[in-house]
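Engineer: coords please:
(one chain, ligands or ions: 1)
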Amino acid sequence: MIDQTRSSYDVVVIGGGPAGTALATFLQRQGHTCLVLEGSTFPRYHIGESLIPHTYGTLDRLGLLPLLRESHFPVKHSVRFVSPSGQEADPFYFSETIEGERSRTWQVERSEFDQICLDNAIRSGVEVRMETRVREVLFEGEQAVGVVAHRGDDPDTEIRGKVIVDSSGRATVIGKQLGLREEIPNLRKASIWSYYRGGQRLAGIDAGETTVFTIADRGWFWYIPLPNDVVSVGIVASPEYLFDQTSHFEEVFLREVDRCGPLAQRLQNAERVDGVRGIRRLAYLNRQVAGDGWLMIGDAAGFLDPIYSSGLFLALASAELAAGCVHAALEKDDVSAGELGAFTGALWNGVDVVWRLIKAYYDPAFSFRDFAARFPEHRPALIDCLIGDVVGKDMSAFLEALAEMTPPPARLK
Ligand SMILES: Cc1cc2nc3c(=O)[nH]c(=O)nc-3n(C[C@H](O)[C@H](O)[C@H](O)COP(=O)(O)OP(=O)(O)OC[C@H]3O[C@@H](n4cnc5c(N)ncnc54)[C@H](O)[C@@H]3O)c2cc1C
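Structural biologist: Coordinates of the predicted model:
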């Protein structure tokens with residue numbers, strides 16, 4: 001029986017999305033008491049449906065693979081980029097660089113996937129309080145020591161933790177409280193999306209692919225097959241381009257679907273089955289992601305761009321790496337910034353590779369087709385990026401080749 005009035009834990013986790021539940025699962029299994037505070041009721045809607053293969057290891061260590069294998073989520077073997085004229089580049093099949101089951105992954109409905117992750121945490125002994133929002137993190141001097149949370153109209157309660165983990169996603173609880181969250185000025189993108197039933201599916205192993213339709217202004221649409229014959233369709237482009245005539249999400253979205261011939265063709269017999277949602281500023285980063293007694297993982301630390309579907313991979317990878325540091329810090333009884341943030345170096349090197357490729361995609365001088373033709377020897381490294389195999393890996397030769405086609409941006413960190 002869980003004591004819902006308990007007020008002190010080893011680790012207090014803000015947010016029960018994939019990052020927060022993964023970290024809590026790993027730490028609870030290592031014998032640390034973990035509390036996850038989740039503001040919403042599950043299952044809840046979330047955008048971000050396409051996994052990339054390098055999530056495999058973390059999903060395996062979490063014990064989630066059997067559930068995913070028996071799920072109804074479409075299996076994804078590849079990603080394909082389609083030019084504005086409808087010219088289709090060959091798909092990048094993940095099996096070109098990895099073998100066996102690791103070379104495929106899933107297109108997930110997030111309400112279900114996040115519930116699976118949360119249930120797995122609970123099964124591992126993590127205490128979860130739903131509909132419980134964290135209002136603020138408590139500090140004594142520089143040291144985070146707990147949170148103030150409330151459930152519905154109930155009075156605020158103070159909950160103490162030796163380590164406070166911010167995995168609140170785009171809410172960025174600590175980032176906002178400490179004024180650490182910043183926009184990325186040279187990556188100004190907005191996104192608008194919806195769902196259709198009956199969109200065209202490709203045959204065979206391409207049926208579950210993510211298709212990226214490039215449009216004018218270096219914007220693009222994603223086309224992600226989901227269960228029950230539904231496809232997720234969304235556009236990413238500069239706000240200047242999208243909102244030049246109106247800022248109304250639905251009007252802009254329908255206009256752009258109409259304008260993108262190859263996409264409109266796939267949707268010609270489809271019916272829209274949901275409203276239109278959007279985000280006006282996608283990218284942001286926190287100047288600092290760990291401090292004494294606290295750290296940030298997943299989207300709470302930052303978000304760049306969905307072009308390579310790296311969000312869930314980075315959420316899970318940062319959770320697992322951070323869990324290792326929190327475990328070591330608790331064992332040593334030293335929860336200083338240096339100990340808790342020790343995972344960030346390797347992770348940021350990997351994020352920087354993704355950042356370089358994001359900036360390349362938005363540079364009109366760059367195209368995947370030209371890159372693959374000019375540097376065939378770097379095609380495997382390009383696929384490694386699309387898979388997420390970028391953390392703790394030397395990608396310098398690939399980045400040098402990339403720099404010959406598109407100037408490298410300043411490092412993020
Ligand atoms: C347009 C778009 C498209 C995307 N497409 C993809 C994709 O195809 N593939 C991919 O991998 N990623 C994609 N992403 C990114 C992906 O959605 C995120 O990276 C991922 O959800 C991050 O997981 P997380 O656990 O860090 O945060 P979240 O999943 O956002 O979880 C955070 C949780 O914290 C809770 N919370 C927030 N505030 C509080 C509070 N104060 N107290 C308590 N709880 C709180 C929320 O309710 C939520 O459940 C996309 C993102 C966008 C914006």
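
Engineer: how about the worst-scoring helix or strand of the chain on mean pLDDT: buried residues?
Structural biologist: Here the helix or strand of the chain ranked lowest by mean pLDDT, DSSP states H and E is helix 368-374, holding a mean of 88. Using 16 or more other C-beta atoms under 10 Å as the test for burial, helix 368-374 gives 368, 371-372. In this view, the C-beta of every residue, glycine as well, is placed from N, C-alpha and C.

Engineer: contact partners of it?
Structural biologist: Identification of contacts with helix 368-374 by C-beta atoms under 8 Å, 6 or more residues apart in numbering yields 81, 83, 89, 92, 360, 378-379, 382, 401-402, 405.

Engineer: got it, and stretch 349-365?
Structural biologist: 186-187, 218, 220, 304-305, 307-308, 310, 314, 317, 366, 371, 385, 390-393, 395, 398-399, 402, 405-409, 411-413.

Engineer: the same query, at a cut-off of 7 Å, please.
Structural biologist: 218, 304-305, 307-308, 310, 314, 366, 385, 390-391, 395, 399, 402, 405-406, 408-409, 411-412 (C-beta atoms under 7 Å, 6 or more residues apart in numbering).

Engineer: that one: which residues count as buried?
Structural biologist: So stretch 349-365, judged by 16+ other C-beta under 10 Å, has buried residues 349-362.

Engineer: ok, now stretch 387-399?
Structural biologist: Buried-residue list, stretch 387-399, by 16+ other C-beta under 10 Å: 387-391, 395, 398-399.

Engineer: mind putting those residues in TSV, pLDDT and distance to residue 158 included?
Structural biologist: Below are the buried residues of stretch 387-399 laid out as TSV (pLDDT from 0 to 100; distance: C-beta to C-beta, whole Å):
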residue	pLDDT	distance to residue 158
387	92	43
388	91	38
389	91	42
390	91	40
391	88	36
395	92	45
398	95	49
399	95	47
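
Engineer: now the longest helix belonging to the chain, how far from the centre of its chain.
Structural biologist: As assigned by DSSP state H, the longest helix anywhere in the chain is helix 311-332. Centroid separation between helix 311-332 and its chain, computed with C-alpha atoms, centre = their mean, to the nearest Å, is 15 Å.

Engineer: for that helix, list the C-alpha coordinates in PDB.
Structural biologist: Listed next in PDB are the C-alpha coordinates belonging to helix 311-332 (Å, rounded to 0.1, in the frame of the first residue of the first chain):
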ATOM      1  CA  GLY A 311      12.900  13.900 -29.200                       C
ATOM      2  CA  LEU A 312      11.900  10.600 -27.600                       C
ATOM      3  CA  PHE A 313      15.400   9.200 -28.200                       C
ATOM      4  CA  LEU A 314      16.900  12.200 -26.400                       C
ATOM      5  CA  ALA A 315      14.300  12.000 -23.600                       C
ATOM      6  CA  LEU A 316      15.100   8.300 -23.000                       C
ATOM      7  CA  ALA A 317      18.900   8.600 -23.500                       C
ATOM      8  CA  SER A 318      19.100  11.600 -21.200                       C
ATOM      9  CA  ALA A 319      16.900   9.800 -18.600                       C
ATOM     10  CA  GLU A 320      19.200   6.700 -18.600                       C
ATOM     11  CA  LEU A 321      22.400   8.600 -18.500                       C
ATOM     12  CA  ALA A 322      21.100  10.900 -15.800                       C
ATOM     13  CA  ALA A 323      19.900   8.000 -13.800                       C
ATOM     14  CA  GLY A 324      23.500   6.700 -13.700                       C
ATOM     15  CA  CYS A 325      24.700  10.000 -12.300                       C
ATOM     16  CA  VAL A 326      22.000  10.300  -9.800                       C
ATOM     17  CA  HIS A 327      22.600   6.800  -8.500                       C
ATOM     18  CA  ALA A 328      26.400   7.500  -8.200                       C
ATOM     19  CA  ALA A 329      25.700  10.900  -6.500                       C
ATOM     20  CA  LEU A 330      23.300   9.300  -4.000                       C
ATOM     21  CA  GLU A 331      25.700   6.500  -3.200                       C
ATOM     22  CA  LYS A 332      28.500   9.100  -2.600                       C
END
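
Engineer: residue contacts, the residue nearest the centre of the chain?
Structural biologist: Nearest to the mean C-alpha position of the chain, counting by C-alpha atoms, centre = their mean, stands residue 311 at 1.6 Å. Counting by C-beta under 7 Å, 6+ apart, residue 311 touches 48, 299, 303.

Engineer: try 10 Å
Structural biologist: By C-beta atoms under 10 Å, 6 or more residues apart in numbering, the contact set of residue 311 is 18-19, 47-48, 50-52, 169, 298-299, 303-305.
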